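In: Any chance you could fold what I've pasted below:
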Amino acid sequence: MERGPSPQLSPRKNGEREKKQRRKRQIVLPRPRSHATGLVTNPTASDTPMNVPSTAPLPAPANGRDALSVLHSVFGLPGFRGAQGEIIRHVTDGGNCLVLMPTGGGKSLCYQLPSLLREGCGIVVSPLIALMRDQVAGLLEAGVNAAALNSSLTPQEASDIERRLIAGDLDLLYVAPERLVTPRCLLMLAQAKVALFAIDEAHCVSQWGHDFRPEYVGLSIIAERFPEVPRIALTATADELTRKEIVERLKLGGSPQFVSSFDRPNIRYEIVDKRNAVSQLKEFIRERHAGDAGVVYCLSRNRVEEVAAALDDAGIAALPYHAGLDSSVRSRNQDRFLNEDGIVIVATIAFGMGIDKPDVRFVAHLDLPKSIEAYYQETGRAGRDGKPSAAWMAYGLSDIVQQRRMIDESSGSDDFKRVSIGKLDALVGLAETAQCRRRRLLAYFGEIVHGETCGNCDNCLTPPKMRDGKVLAQKLLSCVYRTGQRFGAMHLIDVLIGRLTEKVTQFGHDKLSVFGIGRELNEKQWRTVLRQLVAMGHLQSDSEAYGALKLTEAARGVLRGETEVWLREEVPGTRVRSSRAKSRRGDLAPAASAPQGDVDPELRARLRSWRSDVARERGVPAYVVLHDATIDGIVRAWPTTLDELRNVPGIGDKKLEHYGDELLQIVRTR
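Out: Here you go, the predicted structure:
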């Protein structure tokens, strides 16, 4: 647990800086466009609140700084996206709320901007030092007085930040949850003027969330100690059960829930049959993402190091990251990933939350995550800049068996195991579906997408062939039954295809009526059939029998011929078209965000080289200096004056002041 420094807290100073003499005000916000409007849920007595679009009228202009002027001057952005404007107005006016917004959707702005508009300092509860560091670095570059209190600071550094907070010299302060609930920190906050509390990664508060953290549970004390200070809880993933617990634990009952679309149209979803996962991964990176930054997730530490070494041996710049590595090695590898181009990080799921690197072009899974929430959160780390990116996963029957065994052997309650199995089943259903993966993914979060295809997942780009699989299913289920429901996949397939192994003859299974009845398929094809029957719920693994497969009640209908079974056939060869394929809904959004044909590659290269030098000199990630999208905007605009450069999205007042002349000089150099 983090502990605060011991120096005596400074008393509140009488005079706060002029910029901190703001007063709560009405602000002018644009109406969100209809296709991007968030859904606002106003909880009522009903157990299932209705989601309705927010139609509240926007206030008239007020004197002083309004949200749009601050957005433009500080962050260099021309306007709000989706429900950002409504959320910012609500919090600035002193309201509490829960915000569900996809990774890269602009959650941070929903508390950063109100912190600048309200009197006092915004307190942001953040779970990871890496998140705090990146957010603070970006805010300082934009001219915002921001700091973080975490265990990486010396006592003197922490004491200086505490004094600045009490003196009113900070706009935003990031604090770890375990530090915030300490008596010392609560006393410090009581002496300061707090503008708002933002609880980031709020799903961590729920035992049903995919990343539950016990230290988050104590955050209910915020509402008890500071009932008049607005609270905003934010997360990228939360099903209905998780949302209810967030609301309960953070005492947000009666507050609106702003639910943005979970769709990330720039991400291409692809799930492949796991054969040799590392070889498949190498092929995927070489063919489609050579030289790109990416994240590869593995289940175990040993697997992480093996995969990182294999990629590195293949000429792919890859680094491992897991909790078993020395902290200095972890920090060095993470810094290289953040600051250098084209690094692939191979990690356990502990890596990534709070990583703001916008140009991650792919996220790959070599092992099945625990739930759709975890899958969505992890894949969401790709393409935060809106450019075309990929979510690729290799998946096999062993993944299902392993995850099910981990659930069965866990020390959780029966309710916890039941919910966990349901979440695993939903993810397996996503992996096995022959329909649009995006529709299936969004439906899990209660979002209905019109149209049959998204045009940017493997199933839409190369629709799988389906066949009547009732007879094949009956053969396999009969084999499971005849062999006593005590054996795993490999033995069952040996019996089906008539392979005389020592184990088959030992148990006399070569004498059974099912021996050799499945010779029309090979071993790989039978594994595909078997996996789909598990996904459909006709078979399940028995953790007490070391993963042996047994029949479920649903299998009876198949064996009796009463239940239809349709099986997916894998299309041979590469299933996914070029990354520039068009969507069946029209031109895909990623194509619009990619550099256009008039982008000068030489100018872009010079700007990126300059950015790398500045980032190295300042000790910050390159994207903190300028995002790729901002560089592309400069190249397209080809500005010749500071005023023209100021109109490029991402160039705020401070960045114009710091870098304007240098950027114009680079543009003028032909």
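In: What is the burial count for the residue lying closest to residue 342 once chain neighbours are set aside?
Out: Nearest residue to residue 342, sequence neighbours excluded (CB to CB, 6 or more residues apart in numbering): residue 291, at 4.7 Å. C-beta coordinates here come from the backbone N, C-alpha and C atoms, glycine included. Neighbourhood size, residue 291 [other CB atoms under 10 Å]: 10.
In: part of a strand, is residue 291?
Out: No - going by DSSP: H, G, I helix; E, B strand; the rest coil, the assignment for residue 291 is coil, not a strand.
In: gap between it and residue 641?
Out: 35 Å (CB to CB, to the nearest Å).
In: Ok, residue 244 next?
Out: To residue 641, residue 244 is 54 Å away according to CB to CB.
In: who's more crowded, the two?
Out: residue 244 (16 against 10).
In: So residue 244 versus residue 205, what's the distance?
Out: Residue 244 is 11 Å from residue 205, by CB to CB.
In: Could you measure from the residue nearest to residue 342 over to residue 341?
Out: 8 Å.
In: quick one: common contacting residues for the two?
Out: Counting by CB atoms under 8 Å, 6 or more residues apart in numbering, residue 291 and residue 341 have no contacts in common.
In: Strands along the stretch 551-670 of the chain, start to end?
Out: For the stretch 551-670 of the chain, the strands defined by DSSP state E, counting those that start in this stretch occupy 566-569.
In: thinking again about what came up before, what touches both of residue 244 and residue 205?
Out: By CB under 8 Å, 6+ apart, no residue touches both residue 244 and residue 205.
In: got any ranges where the stretch 1-150 of the chain has weak pLDDT?
Out: For the stretch 1-150 of the chain, the stretches with pLDDT under 70 are 1-65.
In: So which residues of it form strands?
Out: Using DSSP E, counting those that start in this stretch, strands in the stretch 1-150 of the chain cover 39-41, 51-53, 97-100, 121-125, 146-149.
In: Any stretches of this structure with poor pLDDT?
Out: Ranges of the chain meeting pLDDT under 70: 1-65, 207-211, 350-355, 543-547, 570-599, 670.
In: middle-most residue in it, spatially?
Out: Among the residues of the chain, the one closest to the centroid is residue 377, at 2.6 Å (CA atoms, centre = their mean).
In: I'd assumed that one was in a helix, is it?
Out: Yes - using three-state DSSP, the assignment for residue 377 is a helix.
In: these two touch, right, it and residue 236?
Out: Yes - between residue 377 and residue 236 a contact is recorded at 5.9 Å, counting by CB atoms under 8 Å.
In: what's the spacing between the closest residue to residue 639 other than its chain neighbours and residue 600?
Out: Spatial nearest neighbour of residue 639, excluding adjacent residues (CB to CB, 6+ apart): residue 645 at 4.1 Å. Using CB to CB, residue 645 is found at 16 Å from residue 600.
In: Tell me which of these two has more neighbours.
Out: Using other CB under 10 Å, the more surrounded residue of residue 645 and residue 600 is residue 645, with 21 against 15.
In: picking up where we left off before, hey, what's in contact with both of residue 377 and residue 236?
Out: Counting by CB under 8 Å, 6+ apart, the residues touching both residue 377 and residue 236 are residue 103.
In: how about residue 338, secondary structure?
Out: Strictly by three-state DSSP, residue 338 counts as helix.
In: now swap in the one 4 residues further on and tell me
Out: Taking three-state DSSP as the rule, one finds residue 342 in the coil state.
In: for it, what are its contacts?
Out: Contact partners of residue 342, counting by CB under 8 Å, 6+ apart, are 291, 292, 293, 317.
In: how about the residue nearest to residue 668 when sequence neighbours are not counted, what does it touch?
Out: Of all residues not flanking residue 668 in the chain, residue 640 sits nearest, at 7.3 Å (CB to CB, 6+ apart). Contacts here follow CB under 8 Å, 6+ apart; on that basis residue 640 touches 664, 667, 668.
In: how far away is the first one from residue 639?
Out: When CB to CB is applied, the distance between residue 664 and residue 639 equals 7 Å.
In: Looking at these two, which has the bigger crowd around it?
Out: Using other CB under 10 Å as the criterion, residue 664 and residue 639 rank with residue 639 on top: 21 against 17.
In: Look up phi and psi at that one.
Out: phi -70, psi 150 (degrees, to the nearest 10).
In: surely it meets residue 665?
Out: No - using CB under 8 Å, residue 639 is not in contact with residue 665, being 11.6 Å away.
In: still on that earlier bit, can you count the residues close to the closest residue to the residue nearest to the centre of the chain other than its chain neighbours?
Out: Excluding the flanking residues, the one nearest residue 377 by CB to CB, 6+ apart is residue 237, at 4.9 Å. Counted with other CB under 10 Å, residues neighbouring residue 237 total 25.
In: Please apply the same query to the one 5 residues further on.
Out: When neighbours are defined as other CB under 10 Å, residue 242 has 22 of them.
In: measure it to residue 204 for me?
Out: Distance from residue 242 to residue 204, by CB to CB: 10 Å.
In: Could you measure from residue 486 over to residue 492?
Out: 10 Å.
In: These two: which has the busier surroundings?
Out: Taking other CB under 10 Å, residue 486 and residue 492 do not tie; residue 492 has more neighbours (24 against 14).
In: Chain neighbours aside, what residue packs nearest to that one?
Out: Leaving aside its chain neighbours, residue 492 sits nearest to residue 479 (5.4 Å; criterion: CB to CB, 6+ apart).
In: Now for residue 224, which secondary structure element holds it?
Out: Remark: residue 224 resides in helix 221-225, with elements defined by DSSP states H and E.
In: Check residue 390 too.
Out: Per DSSP H and E: strand 389-395 holds residue 390.
In: Would you list the strands that that strand pairs with, along with their directions?
Out: Using DSSP bridges, the strands paired with strand 389-395 are strand 267-273 (parallel), strand 360-365 (parallel).
In: Quick one: neighbours of residue 396, just the number.
Out: 20.
In: Report the separation between it and residue 415.
Out: Taking CB to CB, one finds residue 396 at 29 Å from residue 415.
In: So what does residue 346 look like in phi/psi?
Out: According to degrees, to the nearest 10, residue 346 has phi -110, psi 120.
In: partners of it in the sheet?
Out: Beta-bridge pairing of residue 346 under DSSP bridges involves residue 296, residue 320.
In: residue contacts, it?
Out: The contact partners of residue 346, by CB under 8 Å, 6+ apart, come to 296, 298, 304, 305, 307, 308, 311, 318, 319, 320, 321.
In: can you give me the helices in the stretch 501-650 of the chain?
Out: Applying DSSP state H, counting those that start in this stretch to the stretch 501-650 of the chain gives helices spanning 502-506, 523-536, 555-559, 589-593, 601-618, 622-625, 628-637, 642-646.
In: out of those, nearest to residue 429?
Out: helix 523-536 (6.2 Å; CB to CB).
In: same for the helix or strand where residue 185 lies, what does it pack against?
Out: Following DSSP H and E, one finds residue 185 within helix 183-191. On a contact count with 3 or more CB pairs under 8 Å, 6 or more residues apart in numbering; DSSP states H and E, helix 183-191 meets helix 155-166, helix 177-180, helix 221-225.
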